[in-house]
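Visitor: Have a look; sequence and predicted model below, questions after that.
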Amino acid sequence: MAPSVYEMLVLASVFKSVTDNDYWMHLEDFSAKIWTSQMADEEKVGKPWRDDELDAIIADYFAMLAADLAGRPYIKSRHSAALMAQIGRTHRSVEFKHQNISAVLDELGLPWIPGYMPKRNYQNAIFDAIDRYLIHHPEILIPAPALQLESTASSAIFVDPSSPAIAKQPIPEKLRRLVRKFDPVERDYRNRSLGKAGEAYVVDVERKQLAQADRDDLARKVRWVSEEDGDGAGYDIHSFDPHGRERLIEVKTTNGAARTPFFLSRNECDFAAERPDDWCIYRVHLFAKHPRIFTISPPLEDALNMVPETWRASF
């Protein structure tokens, strides 16, 4: 069975950098690997992925994700071609599994690769494979924010809020356990460096917005309250709109997507009810590379599914 037209195009891109003398030798060798993988794949069609296959694709996915977050160039088609040759799965199967991995990372509040939109038709074994990988690579759970975040116009930074889920696809029990184990809410809450970086980012955004509105006087008055006065005020940043009206901003930052859950303290909820016209949440998401913000204003119950998570016990 000869390689398909698609696979020949992939091969051409893989070897475009080699010399003319070596081109056909490399192409013939790699074509043979593709041919072998196609023959092997006939025996695998419709069968679940083995652990070694899942381990291989997950390791390769995280290698691409690391390159994406660091701004290093990578070519997804080359990675897919190498995996097809290694594990003998079709291009369609490899691409679909990439999307499965994105879906699990989305549930874990982690970044995922653009172009591999999450698909949640899971094979249960993928949860164990991702568990194995994260146990041995815990640094992935806390991606470092970019040292120099992209310069983006405010109109692109601010996006529409995510609405509460009304009917959500049932979550497999193994995925539920995985999310509990690597809880994105608890992880973001305890990641003080992420929280401070997100607050610093919002301070900068607020000052730039006011300066662009010819309100340098107000821009100079923007205060990072949680940094200057400590936590406990019920908000993080004291800012203004261009007309001089106060904006009391509580910043919630995640490297995950817009729908990643977050904690709210009793103090924050009380302050939101006390100052509903001035107080709001800035939900900063996708922070590891392309930060975006949507705002949430009281009453919070209209925008969020509020679930009690902890209780204060007393006698």
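Guide: The structure has been received and is ready for your questions.

Visitor: measure the residue most central in space within the chain to A85 for me?
Guide: Centroid-nearest residue in the chain, with C-alpha atoms, centre = their mean: P111, separated by 2.1 Å. Separation of P111 from A85 (C-beta to C-beta, to the nearest Å): 27 Å. C-beta here means a position set from N, CA and C on the backbone, and glycine is covered the same way.

Visitor: that older thread, may I ask you to confirm that the residue nearest to the centre of the chain is in contact with T254?
Guide: No: if you go by C-beta atoms under 8 Å, P111 and T254 don't touch, sitting 9.7 Å apart.

Visitor: Could you point out which residue ranges in the protein have low pLDDT?
Guide: 1-43, 143-153, 162-169 (pLDDT under 70).

Visitor: how about the strands in it?
Guide: Taking DSSP state E, the strands of the chain run over residues 223-224, 237-240, 246-253, 279-285, 292-296.

Visitor: wait, which of those is closest to E107?
Guide: strand 279-285 (14.3 Å; C-beta to C-beta).

Visitor: tell me which residues of that closest one are tucked away?
Guide: Judged by neighbour count (16 or more other C-beta atoms under 10 Å), strand 279-285 contains these buried residues: W279, C280, I281, Y282, R283, V284, H285.

Visitor: swap in stretch 295-312?
Guide: Across stretch 295-312, burial judged by 16+ other C-beta under 10 Å covers I296, P298, L300, A303, L304.

Visitor: That one: how far from the chain's middle?
Guide: 22 Å (C-alpha atoms, centre = their mean, to the nearest Å).

Visitor: Give me the residues contacting that stretch.
Guide: With contacts defined as C-beta atoms under 8 Å, 6 or more residues apart in numbering, stretch 295-312 is touched by 158, 161, 163-165, 185, 263-264, 269, 272-273, 276, 279-283.

Visitor: mind saving the C-alpha coords of that stretch as CSV?
Guide: What follows is stretch 295-312, C-alpha atoms only, in CSV (Å, rounded to 0.1, in the frame of the first residue of the first chain):
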residue,chain,number,x,y,z
THR,A,295,-15.8,40.9,33.7
ILE,A,296,-18.5,39.7,36.1
SER,A,297,-20.6,42.1,38.1
PRO,A,298,-23.0,41.5,40.9
PRO,A,299,-25.4,39.9,41.5
LEU,A,300,-22.9,37.0,41.2
GLU,A,301,-25.6,34.4,41.2
ASP,A,302,-26.8,35.6,37.8
ALA,A,303,-23.4,34.9,36.2
LEU,A,304,-22.0,32.1,38.2
ASN,A,305,-22.9,28.7,39.5
MET,A,306,-22.1,29.2,43.2
VAL,A,307,-21.3,26.0,45.1
PRO,A,308,-20.3,25.9,48.8
GLU,A,309,-16.8,24.3,49.0
THR,A,310,-15.6,24.9,52.6
TRP,A,311,-17.2,25.6,55.9
ARG,A,312,-15.9,27.4,59.1
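
Visitor: Output stretch 204-220 as CSV, nothing but the C-alphas.
Guide: Only the C-alpha atoms of stretch 204-220 are listed here, as CSV (Å, rounded to 0.1, in the frame of the first residue of the first chain):
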residue,chain,number,x,y,z
ASP,A,204,-1.0,47.7,33.6
VAL,A,205,-4.1,47.2,31.5
GLU,A,206,-6.1,49.7,33.6
ARG,A,207,-3.4,52.4,33.5
LYS,A,208,-3.0,52.0,29.7
GLN,A,209,-6.8,52.2,29.1
LEU,A,210,-7.1,55.4,31.1
ALA,A,211,-4.0,56.9,29.4
GLN,A,212,-5.6,56.1,26.0
ALA,A,213,-8.7,57.9,27.2
ASP,A,214,-6.6,61.0,27.9
ARG,A,215,-7.0,60.4,31.7
ASP,A,216,-3.4,60.3,32.7
ASP,A,217,-4.5,61.9,36.0
LEU,A,218,-6.6,58.9,36.8
ALA,A,219,-4.1,56.4,35.5
ARG,A,220,-1.6,57.7,38.1
